[in-house]
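1. Here is a sequence with its predicted model. Questions after.
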Number of protein chains: 2
Amino acid sequence: MNRLWEQLFCIDRECRRLEKAAAVLQWDQETNLPPGGIEERAEQIALLQSIWHRKFTDGETGRLLDRAEAEDASPLERDFCRVLRRNYDRAVKLPGELVRDAARAEGLSQAAWVEARRNNDFASFAPHLKAMIGFARAKAGCWGFEGPRTYDGLLDVYEPGLTAGETEALFTPLREGLTGLLQKIGRASPPEDAFLEWNYPVEDQVRFNRELMEGLGFDTRRGRLDTSAHPFTTSLGFDDIRITTRYDPNQVLSGIFSTIHESGHAFYELGFAPELRGTCLAEGASMAIHESQSRLWENVIGRSRPFWEFWLPRLKARFPGRLSETGPEAFYRAVNRVRPSLIRVEADEVTYALHIILRFELEKRLFAGTLQVEELPGAWRGLMREFFGLEPPTDADGVLQDVHWSMGSFGYFPSYALGNLYSLQFWGKLRRDLPEAETRIREGKFETIRQWLRENIYSRGCRPEPAELLRTVTGEKLSVAPFLEYIKDKYTELYGL
Amino acid sequence: MNRLWEQLFCIDRECRRLEKAAAVLQWDQETNLPPGGIEERAEQIALLQSIWHRKFTDGETGRLLDRAEAEDASPLERDFCRVLRRNYDRAVKLPGELVRDAARAEGLSQAAWVEARRNNDFASFAPHLKAMIGFARAKAGCWGFEGPRTYDGLLDVYEPGLTAGETEALFTPLREGLTGLLQKIGRASPPEDAFLEWNYPVEDQVRFNRELMEGLGFDTRRGRLDTSAHPFTTSLGFDDIRITTRYDPNQVLSGIFSTIHESGHAFYELGFAPELRGTCLAEGASMAIHESQSRLWENVIGRSRPFWEFWLPRLKARFPGRLSETGPEAFYRAVNRVRPSLIRVEADEVTYALHIILRFELEKRLFAGTLQVEELPGAWRGLMREFFGLEPPTDADGVLQDVHWSMGSFGYFPSYALGNLYSLQFWGKLRRDLPEAETRIREGKFETIRQWLRENIYSRGCRPEPAELLRTVTGEKLSVAPFLEYIKDKYTELYGL
């Protein structure tokens, strides 16, 4: 490797180390930080972000990139150059003060959200949310997305090139398909699931969730599971991937599906090829591709019949005396009970994407300026009635339920629903390649599946763009059909429609 | 405040934020880090240290300090200037590569120590220890301490101005006094203490230790308690002080006295006056003064009769069925059982300082070049025989027991024994000022004592030098006499000598 590439890789590596250091501080904030430490922590993170920003955009990176782009390069170097250029262009367009001010405000906003949610007090969170919207708008403006295109600029952060119009073109048939199915399900008789709301002591849930994550193949030498208000996955290093879950004694599935979901994210991060270590290529291809992995594990695998044939006996062993009357078929039906509900992260597969489309609608209006922050709780309740015929009794169960907006992550939500679409396209190919997949799941052996995912998706990091990744793996373009087909088949059988 | 001071405070504040950020990464390394993450973590910390070093020593600090020292200033500004100058001079004399290389090596060395101790494998740790000694020697050289003065340069880091000669002048009568007392105690009949080695389930120990730290007055809004291989206290922010302890099911006192010890450190850090926030004055006056606080709480308070009159019933309540035959007097005698032993942190008050003097002897020889790393396990065993008539069966219980050397903290150990001396001088004054102290301890009410310590010691941070602090509080100079008198009185009564 010549000197030019060495310098570029070195800048990238140091900048990523700074990002990971900031990520450690953020992880600690969400898992451990005593309440008194919040303001200083926000300052510490803001300082690291601003040092990162100055280091990355000091001119040297741009000059080296210009030279590197003009050189003959290996395929790996070309991909590296492409991704670093995108990251650099994105960073260099932001003024340093904006980076620092936004980072500081995000920390405080997130802490304010935790409090507001706990106290069901939207008003105390509203000024933070306004500030977050202001920062997002300012950043989109710096990136050249203004006026009606502002929201496109935010979507682009998570799914490069995606516009609100394209998202809508996918979400419209998705909403129609799901709403139609939901109406039919509403007329069918629901499975018994009261046993899921019995009391499952948190300490035993902790033990079961650890057993589960290790059983799925999570290597605890390279990561760990903790508890936080909102489950998340973060990379603190190539060999240090942290996931969190949360426990509710009367919602045993809440922790379980969070653990599976975040394990799916973690497998992606843990599966990058060794040659990507320390480079900007050691990232998911996009947020939607990342969510395709978490939701593949959570839903396609984790909510399947064979999965619970293996795991139900283990769950029973952790909670002696409970579930003794419940067989795998009954449990499978219960974990897939479809029911319009208030909370996105606890939604079933049929209603989940509707929660996303609701947030997408609100984000569009917020950034089009047709919805004000003060009107948001009302608009939320209105759409909940329209989509689900439900009204949240509190804002804590409504507009305050998600962490994303408090962190300024606008444009993120669509990734979840797009992830569902991607996941079924990847799954279709996986099943063609591995007809034994279902048997392996029934045996609790996930290595073959993880191996396929690693080879085809994880190991490549963000070397391919999302569309290219999908095309090279499946030969397809992003489509609603495979997901809708899977959902319709599964729930038609389940509900005898 | 004029512009000059504003700039200086700002540099100091940013540099301290970077130090705290690095401290978060270190805390996480010792409490949470998955084994695979160790090398990257060392790189991340080294990067932060080197950014800190560059920022702090870039010339601007020196120029501003020169100007500030020539100005009229308030007493606070003068103290700030004095401490910042000391920190700056110390930092600016170190080359950036040395700072970075040492930081990186420290992380790896500490991880290697954890493994070596677990596997009783000194040989695997020896190369790291050599590297640590090399870095310490190089740093001392940069600070102008070379050849026979090398070790003075290391002592000076922890106790400004202290030399090996002065330390020896204190340690010689200390050793004589303690050895004489130990011989007498050896001929007396020991108290019953078998009940301390019963099985105390770790989960209940965790609960008791939390109750204890909160009972002492630890504000969990400004800090927390976790578990690590070697208990420690670290400041991650003015309002975020973390302590750790460790649990052994058959050594219930091990966790308890670690928790009390580290709480003492934490009270110091939590007691700095608000006007010191974010400045270099928000530090202990010296490491020995810091240890005087941890050891005051651990020993003078925590190993006293009235303390256990209050806490024993609470301990019994956490472990139903255990200790039901044991009264406070018997428990008091048991926790103060004197016995030559292998492990420093579990040593009683009489033998503790002898463990320190042993380490001081070895450090002197290592830096005089009269002892090689390979010879260290043998030299350790030799001194253990000489001091205690004991030989550690393994290096894990011998030369590998402490974390300090693995982190390059040579010259630190004397602080513990000096802390004992300081603590009894402060305690003498506290008891003259607060004759009710013993009664308050018996009632489990520690606020009056913490208040006195805060006013007289904690709130001042490192504004006074250690000797000045001792003088202004007690009117005395550092002396062995009050400590020896306390020890002799306490154990003469306890053992009926």
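-> Cool, the structure landed.
2. ok, the residue lying closest to residue A:326 once chain neighbours are set aside to residue B:8 distance?
-> Using CB to CB, 6 or more residues apart in numbering or on different chains and skipping the chain neighbours, the partner closest in space to residue A:326 is residue A:195 (5.8 Å). Any C-beta I mention is one placed from the backbone N, CA and C, and that applies to glycine too. Computed as CB to CB, to the nearest Å, the residue A:195 to residue B:8 distance reads 65 Å.
3. between those two, which one's more packed in?
-> residue B:8 (22 against 16; other CB atoms under 10 Å in any protein chain shown).
4. Contact partners for the more buried one?
-> Shown in contact with residue B:8 (CB atoms under 8 Å, 6 or more residues apart in numbering or on different chains): B:61, B:64, B:65, B:68, B:80, B:81, B:84.
5. and the fifth one, how many neighbours does it have?
-> Right, residue B:80. 22.
6. Give the full set of residues in contact with it.
-> B:8, B:9, B:12, B:279, B:280, B:281.
7. so where is the stretch 251-400 of chain A shaky, pLDDT-wise?
-> For the stretch 251-400 of chain A, no stretch is flagged by pLDDT under 70.
8. Distance of the one residue in it that gets nearest to chain B relative to residue A:239?
-> In the stretch 251-400 of chain A, the residue that lies nearest chain B is residue A:278 (8.2 Å; CB to the nearest CB). According to CB to CB, residue A:278 stands 11 Å off from residue A:239.
9. between these two, which one's more packed in?
-> Neighbour count, other CB under 10 Å: between residue A:278 and residue A:239, residue A:239 has more, with 22 against 19.
10. Pretty sure that one sits against residue A:222.
-> Yes - using CB atoms under 8 Å, residue A:239 makes contact with residue A:222 at a distance of 4.6 Å.
11. joint contacts of those two?
-> B:34, B:36, B:37.
12. Between those residues, identify the one with the most neighbours.
-> Going by other CB under 10 Å, residue B:37 tops the shared contacts of residue A:239 and residue A:222 with 27 neighbours.
13. Excluding chain neighbours, what is closest to it?
-> residue A:240 (3.2 Å).
14. That neighbour - how many residues pack around it?
-> 29.
15. Pull the contacting residues for it.
-> Applying CB under 8 Å, 6+ apart, the residues near residue A:240 are A:222, A:223, B:33, B:34, B:36, B:37, B:40, B:41.
16. hey, what's the second one bridged with?
-> Read that as residue A:223. residue A:241 (DSSP bridges).
17. Doesn't residue A:384 belong to a strand?
-> No - according to DSSP: H, G, I helix; E, B strand; the rest coil, residue A:384 belongs to no strand; its state is helix.
18. what residues does the stretch 101-250 of chain A put near chain B?
-> A:219, A:220, A:221, A:222, A:223, A:224, A:226, A:236, A:237, A:238, A:239, A:240 (CB under 8 Å from any CB of the partner chain).
19. right, and the third one touches residue A:270 too?
-> Right, the one you point to is residue A:221. No - with contacts counted by CB under 8 Å, residue A:221 stays clear of residue A:270, the gap being 10.4 Å.
20. More neighbours: which of the two?
-> More crowded of residue A:221 and residue A:270, by other CB under 10 Å: residue A:270, with 22 against 12.
21. In this structure that one contacts residue A:222, no?
-> Yes - using CB under 8 Å, residue A:270 is in contact with residue A:222, at 5.8 Å.
22. Give the buried residues for the host helix or strand of residue A:310.
-> In the assignment (DSSP states H and E), residue A:310 maps to helix A:305-318. For helix A:305-318, a neighbour-count test (16 or more other CB atoms under 10 Å in any protein chain shown) marks A:305, A:306, A:307, A:308, A:309, A:310, A:311, A:312, A:315, A:318 as buried.
23. Reformat the residues you listed as TSV; add distance to chain B.
-> As requested, these are exported to TSV (distance: CB to the nearest CB, whole Å):
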residue	distance to chain B
A:305	33
A:306	30
A:307	26
A:308	29
A:309	31
A:310	26
A:311	24
A:312	27
A:315	22
A:318	17
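24. Report the distance from stretch A:447-456 to the chain centre.
-> 20 Å (CA atoms, centre = their mean, to the nearest Å).
25. In PDB, list the C-alpha atoms belonging to it.
-> Taking Å, rounded to 0.1, in the frame of the first residue of the first chain, the C-alpha atoms of stretch A:447-456 are listed here in PDB:
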ATOM      1  CA  GLU A 447     -24.600 -21.300  12.600                       C
ATOM      2  CA  THR A 448     -25.600 -22.300   9.000                       C
ATOM      3  CA  ILE A 449     -27.900 -19.300   8.700                       C
ATOM      4  CA  ARG A 450     -25.500 -16.900  10.300                       C
ATOM      5  CA  GLN A 451     -22.800 -18.200   8.000                       C
ATOM      6  CA  TRP A 452     -25.000 -17.600   4.900                       C
ATOM      7  CA  LEU A 453     -25.800 -14.100   6.100                       C
ATOM      8  CA  ARG A 454     -22.200 -13.400   6.900                       C
ATOM      9  CA  GLU A 455     -21.000 -14.500   3.500                       C
ATOM     10  CA  ASN A 456     -23.700 -12.700   1.500                       C
END
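26. who's in contact with residue A:190?
-> A:337, A:338, A:339.
27. again, only using 7 Å
-> residue A:337 (CB atoms under 7 Å, 6 or more residues apart in numbering or on different chains).
28. Please identify the helix or strand for it.
-> Residue A:190 belongs to no helix or strand, assigned by DSSP H and E.
29. I'd like the distance between it and residue A:200.
-> Distance, residue A:190 to residue A:200, using CB to CB: 21 Å.
30. doesn't residue A:226 fall inside a strand?
-> Yes - counting by three-state DSSP, residue A:226 is found in a strand.
31. ok, it - contacts?
-> Counted by CB under 7 Å, 6+ apart, residue A:226 has contacts A:31, A:242, A:244.
32. one more time with 6 Å, if that's ok
-> A:31, A:244 (CB atoms under 6 Å, 6 or more residues apart in numbering or on different chains).
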